[in-house]
Structures are given as structure tokens and as C-alpha cells.
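Q: what shape does this take:
(one chain, ligands or ions: 1)
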Amino acid sequence: MEPAGPTRPVTLIPTSGRPTPLKVQNPAPGRDEHRAKASSTPATTGRVGRPKLSMPGAHYTPTSPVSVTMPPVPVDMPSSLLAPGHKGLENSTSRSPAPIKVGPACGPVSTLSPTIPSATLSPQPREIQPSCGSAEVRPQNSASDKKVEDFRVHIVTWNVGSAVPPDGITSLLELNSADGNADMYIIGLQEMNSMINKRLKDVLFTDQWTELYMDTLSPRGYVLVSKGRMQGVLLLVFSRYSHLPFLREIHTESTRTGLGGYWGNKGGVSARMTVFGHSVCFLNCHLPAHMQNLGQRVEDFESILQQQQFQCGGGMGVLDHDLVFWFGDLNFRIEDYDTHVVKSAIESNRLSMLWEKDQLNMAKQSEPTLRGFEEGPLIFPPTYKFDVGTHTYDTSAKKRKPAWTDRILWRLRATCSPGPTHLPTVRRGLTSWLSHGLRVTQHTYRSHMGYTISDHKPVSATFTLQFPFKVDIPLVTLSVDKEWSKVSDASVSFQVVSSFARNSWDWIGLYKVGFRHAKDYVAYVWARLEESDHLVIFAEEDLPKGCGEYILGYFSNSMNTIVGLTEPFQVQLPSCSPLVSRSGSSSSSSEDDSTLGLLPSQSRSPSPASSKQHRPSRSRSPALPTLQGLSLRPRPRSREAIPRSPSPCASASRKERLISPDSPMSGQTRSRTPGTPGTPGIEVSTPEALIAAIIGDHIPLQGSLYGAKPVGEPRDATL
Ligand SMILES: O=P(O)(O)O[C@@H]1[C@H](O)[C@H](O)[C@@H](OP(=O)(O)O)[C@H](OP(=O)(O)O)[C@H]1O
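A: Have a look, this model is predicted:
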């Protein structure tokens, strides 16, 4: 069983005497359905509609006779928790047509859902800054601003306290939400086990946490587009696969702040990208612990901001992005009140009295760096510190005071000022201001009290981004004529937009539906530059046998991402071909060739593409997505050394690096089907990489998922 979501009753059980072990008791802690992942529900590729509003919250049912029952949040939020004048949280079905608008100084508007009226409920007093003309920056209707749709982002932060992953994370990701699933999932973990033996293992193989998230999300149609790790700090970015061609310029950064900047036990890991043309940065931080280190926390955050400069468009800092999500174990504490007062306030559901003593809330008023960051109301109990395996606040000798250490904030870049026109990025037109109409709406901000593996509880937040699609045409459009029912069908033609510079290391991958990341292909073919007809053919020995749904993706080596995808299509090839058998496939089939006609669509395997999956190939959307973040390191290889592509099941053999067909060694390579690209976590070729991993350097280089250095510099991909 998976830990129960916060909509289930949570009981605060005080015990007698002081110190009071305060239990936040969840009726269904523990394990979950992860082992049953094979039955995951496929996702749809359709863009989600505007989500219904919901604000699940903990249902507190104190068992003490003197306790006060906290009704479900937010529908019946006690008025004591509300700021003066606030009328209470609305039911999700009674959404007001007029959202509450809260904007940073002279800037874009962060539109909070009426269910989270932060302008009035937020623990931190917030000024409504004078707007420049209009408080709400509405989408434009220019030719380039083609659509404005809801794009849902789900962010998780969790200090996992060196624990092994739980059995399941479905409730944490709200995958069974009636509102539908998110477009992106962003996972920030802190304190992953980074003992030296574990680090070495994680360098060589994908770590358990990443595996768990991929296992959970990939069958639902999400792929890992970015991964950054610095010792115990991990940042994963997943996207619905159909968005991949519109996630570009993906880069990661990490900054150590532990031991004066020499140790990666504390610091920040970030991933930045453009999402349909809008720059977004996700920053996962683990800041210094302990009450007295408030100043150090702010200082370290500033240091992270200062040091993280992304190599795109001439340099771009975190705060230069249209939208920044900042989250993590920020370690801010509740001042002044002693532990029993804090526990008593939690127990009696008087959280509001704690808000004003929260160090982050206070610091936001005084620290210029923190201004402009928004946060939803803290209507969940402090998520630190619990006795592991329980819902009881710390009873150890340390006796830590409960605190909201785990936070998720966001910031929209100011738009109304003339802008720093001296910056090269502005002069080159790479920085655009938010007159484009980017809007952010937070829908949920909650803790997940059922998880007990750590001394912290996870926290999640969901957002809707609304923006016009500044980029909605893929750089490469792939097309297959029909389903592949015989080997001679296995060709793909592609068209390239004129501004896209192809590279001799570009390739086209064949992915099984449900693939985990850009390297999780079944077979690939070099997209050779000299092939002016833009047609590539897969060799018979590389093709998967049997029946399944597949997607083709064009991987741009210079952009380190997939820049064009097909929709899912059927591949059903003879499984007993002598050639296929020779290719080393591990799963021989006794299926007779005579049964290999095209199957009706109803009999196909599940696909993330839902209703679109069996669309005739000629009508494929020209605007299907791609993956970002591959790390490919070519290495000349003799003909003999090049293995055949594995069968879809033979993942263990996908460990070689790509060899460019245009490299000096290309004459020795097979022209169309060279060796297979590497497997995540495998591409460590130097002791330096291991050492760097151990001491906290982020192994993944910019834009790479798994750490190998990209062949070329990432290139701007403007259309
Ligand atoms: O991850 P690191 O770098 O080892 O830092 C530790 C981490 O922040 C722990 O959460 C904290 O324990 P508490 O949460 O219990 O305070 C511990 O404090 P401690 O040294 O006082 O135990 C820190 O040293």
C-alpha cells in the first residue's frame, strides 16, 4: 500500500508530559503499489484542459480530549487561520471567474487560484505592487502568440534522509487525480544516500530514486528530460513525451556551499530550459540546517544564484528566467516559540500563529534577494522533524523544533521596467519580457504525511502555467508511410526547418512507447548529412521483432535533445527471421510468420498516445515533441567492435557510445546502423568522473542526462 494522501484523516496525538511527542498519525502509512507498476495506466498525449481546482489538505482529527478538530482543508478552513477579511477557501466547484492577482514589483502577475488566496491567506504580508498599466498581463494575440493553454507542473521536494525509496509514489505524484496528470513532474530530493560505496554504484548505475520515478512515470508517457545530482541533492525533470520537441536549451548547474563551498552536502542543483519558448528554471536547494544559521541560508542562496550562470544566450542567471521555481529543504525554522508551544499550535490547528515566526516569511520582507518569490499558504503542518517510521515529531535527544523546512516557491521575472538593456542577452533579443502573457496559478501546496521513511515529510505543489506558444513547430518533422509490417517498411523520411543546423552526429531513434529517456531506444540510424533525400532506413538486424507500438525521434547532437517525434505507430515484424535471430535478441518467439499481419488497433499494447495512437501515419501531427538531454560521446570504433542493436528487451547490451558516420573512422563503421548509444549511468569513462561524483561535482554536464560530455556546444535553436 502507498501512504495515504492528505485527504485521508490525519490524527495529531499528543502524549502526556513534556517533552510531548506529537504524532501526526496517518491511518495508512507504509508501502505501496510500486511493485504493481506493470498495470500503470497509460497517459494520453492530449493537452490537459484547464484543471478543476482542488486543494487537498490534511484532515486533522486530534484524539486528545482537549484538542480542536481541524476540518478538511481548504473547504472548511477555520476562520482562525484566515487573515482578517478573508471569507474562507472556496469549494473547488465554485471557482470565481476573477482570479486573485498578486504580482511582484512592477512585474508580471502571478495569478493564484481562488482556492489559494495567498494575497490574503499567505502568512507573509504581501504588498500588491503598483502595476504598470494593468495588474494582469494578458496573453497577446499577435501572430506569434498562437495559443494559450494550460500547462500543468507538479513539483515535489523531499529530504529523504538517506532512506531507500518507498514502494510507491503514486499519491505523491497525485497520479490518480481526477484533474488529470501534469505535463511536467519536477522532483527535488535532498539527503539521498551519498556514502562513498553508494555514490560509486549510482555513478555506474542509475540510482534507486531515479529508477523509481522512471518506473512510475514512463509507463504513463513521461520521459526524463533532465537530471542533475550533487551528492545527496537530486533534481529530476520529467515531461509528457509529446512536449519534447518544445523543451529546448536544457542545461543543468550545481553549486556546492557545504564546507565553505567545497562540499556538496549542501547547495543547489538546477535545470533550465525553454518551454514552448518561455525560459523556466527549476532550482532544488539544500540549505544549512539549524535555527541560528538563518543568515548562512540566505547567504548560500545568494551564492547559488550568483554562481549558477547557464551557458545559453551569452550567459543567463537563475533570476533572468521568465519563471523560476525554487524548492528544497530550505531549512528555515520557526523562531521564538519554544518546542512545546509550536507543537501545541500544530495540535490545535493554530498554524497561523507560527507563520509570522517562520524565518523564510520574515526574511522575504527584509532580504532583497527573496523579494518577488511567491509561496502558497502553509496550511499543512510542519514537515520536519519526525521520528523515522512514525508520524511523531522528534523525540530524540536532539529534540528539534518542528519547522516548515521543505518549501516550494516561484518567481516571475519583472516585466515592466525597461529592462537591463546593457545585457548582451537583451541586446541579442534572447531575453524577452513577460508581456507575452505568462501566467502562473498554484492549485495545491501540501504535505504528504503518510510517508515515514525519512525525518521529513514530502511536500508537493501543482501549478498551471498559461502562455502563448512562442515555439510550436518542431525543428524536424519525421514521417513514416505506414505501419511497419515487413522489414522493407522500416524507413523514415524527415523534413528540417531551414534554421535548424543538422550535425553529422544526429541520429534517428526508434523508441518503444513508454520509453524512459532519449537513450532508451530500441534501434537507431544515423541521419547522415549527405542524405539529401532525408530518408533513412533501419537495417533488418536492428529492428525489434514481434508487435509493439513505437515512436521515432530525431536526436540533434548539437542541441543534445530530440527535436522531432512521430506519433506512436505499429511495428509488427516477423519474429523468426534468421537475421533477427542472429542479432542476439534475448527473447526468441515461437510466433509463426503467418500470424504477422497487422493487428486491429484494439489489440495493441497500451500507449501514452491514447486515442491518437493509431492514426494513419500520413496524418501525423507536424508538431510532435522531443527529448532533451542526451549525452553522447562518440568514440571511434572498429567494425568488429560494433555490436548489433539489441532487441527491445536486451537493455544490457545498450552500453556503447555512438560513432559518428562522418568521423574519421566512419569508413570502418557500418553506414546506417552503428553501435548503440550508451545507457544512462554507464557512460563514465574516466576516474575523474567517479571522483567528481564522490566529492559532489555534478557529473551531468550541461544538457546531459547521465554525465558524458556532449560532443558539441549547445546551439541556439531558434526557428
Ligand atoms: O546533511 P548534513 O550536511 O550532514 O547536515 C546535517 C543535516 O542537515 C541534518 O538534517 C541535521 O540534523 P537535524 O535535522 O537533526 O538537525 C544535521 O545536524 P546535526 O549535525 O546537528 O545532527 C546536519 O549536520
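
Q: which parts of the stretch 101-250 of the chain sit against the ligand?
A: When proximity is defined as C-beta under 6 Å from any ligand atom, the stretch 101-250 of the chain approaches the ligand at residue 191. Glycine gets a C-beta too; all of them are placed from N, C-alpha and C.

Q: can you map out the helices along the stretch 101-250 of the chain?
A: For the stretch 101-250 of the chain, the helices defined by DSSP state H, counting those that start in this stretch occupy 118-121, 196-204, 208-217.

Q: give me every residue in this structure lying close to the ligand.
A: Residues of the chain that fall close to the ligand, judged by C-beta under 6 Å from any ligand atom: 191, 265-266, 289, 385, 398, 400.

Q: quick one on the thing from earlier: give me whichever of the helices of the stretch 101-250 of the chain is most buried.
A: When these are scored by mean count of other C-beta atoms under 10 Å, the highest mean neighbour count falls to helix 208-217 (a mean of 21).

Q: measure how it sits relative to helix 196-204, angle-wise.
A: 40 degrees (axes from the mean of the first three to the mean of the last three C-alpha atoms, to 10 degrees).

Q: please work out the average pLDDT along helix 208-217.
A: Helix 208-217 shows a mean pLDDT of 97.

Q: got the phi/psi numbers for the residue of the stretch 101-250 of the chain at minimum distance from the ligand?
A: Nearest residue of the stretch 101-250 of the chain to the ligand: residue 191, at 5.7 Å (C-beta to the nearest ligand atom). As for residue 191, its main-chain torsions (degrees, to the nearest 10) stand at phi 60, psi 40.

Q: picking that back up, out of the helices of the stretch 101-250 of the chain, which comes closest to residue 151?
A: Taking C-beta to C-beta, helix 208-217 is the member of the helices of the stretch 101-250 of the chain nearest to residue 151, at 16.7 Å.

Q: tell me which strands and helices the closest one is in contact with?
A: Other helices and strands packing on helix 208-217, by 3 or more C-beta pairs under 8 Å, 6 or more residues apart in numbering; DSSP states H and E, are strand 184-190, strand 222-230, strand 233-240.

Q: got CSV for these, with mean pLDDT too?
A: Below are those laid out as CSV (pLDDT from 0 to 100):
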stretch, mean pLDDT
strand 184-190, 98
strand 222-230, 97
strand 233-240, 98
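
Q: need these in JSON lines (columns: distance to residue 544 and mean neighbour count).
A: Output for those, formatted as JSON lines (distance: least, C-beta to C-beta, whole Å; neighbours: other C-beta atoms under 10 Å):
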{"stretch": "strand 184-190", "distance to residue 544": "28", "mean neighbour count": "28"}
{"stretch": "strand 222-230", "distance to residue 544": "18", "mean neighbour count": "29"}
{"stretch": "strand 233-240", "distance to residue 544": "23", "mean neighbour count": "27"}
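
Q: before we move on, back to that, list the contacts for the residue of the stretch 101-250 of the chain closest to the ligand?
A: Residue 191 is in contact with 159-162, 232, 286, 329, 454, counting by C-beta atoms under 8 Å, 6 or more residues apart in numbering.

Q: from these, which is closest to residue 181?
A: Closest approach to residue 181 among the contacts of residue 191 (C-beta to C-beta): residue 160, at 22.8 Å.

Q: the closest one: how many residues sit nearby?
A: Other residues near residue 160 come to 23 when the count uses other C-beta atoms under 10 Å.

Q: excluding sequence neighbours, find me the nearest residue to it.
A: residue 454 (5.0 Å; C-beta to C-beta, 6 or more residues apart in numbering).

Q: that neighbour against residue 159, yeah?
A: Yes - taking contacts as C-beta atoms under 8 Å, residue 454 lies within contact range of residue 159: 6.1 Å.

Q: so which of these two has more stuff around it?
A: Neighbours of residue 454 and residue 159, each counted by other C-beta under 10 Å, are more numerous for residue 159; the result is 28 against 23.

Q: low-confidence ranges in the stretch 101-250 of the chain?
A: Within the stretch 101-250 of the chain, the segments meeting pLDDT under 70 span 101-148.

Q: again, 80 this time
A: 101-149, 178-180 (pLDDT under 80).

Q: what does the pLDDT read for the closest residue to residue 545 other than its chain neighbours?
A: For residue 545, ignoring the flanking residues on the chain, the nearest one in space by C-beta to C-beta, 6+ apart is residue 575 at 4.0 Å. Note for residue 575: predicted pLDDT of 71.
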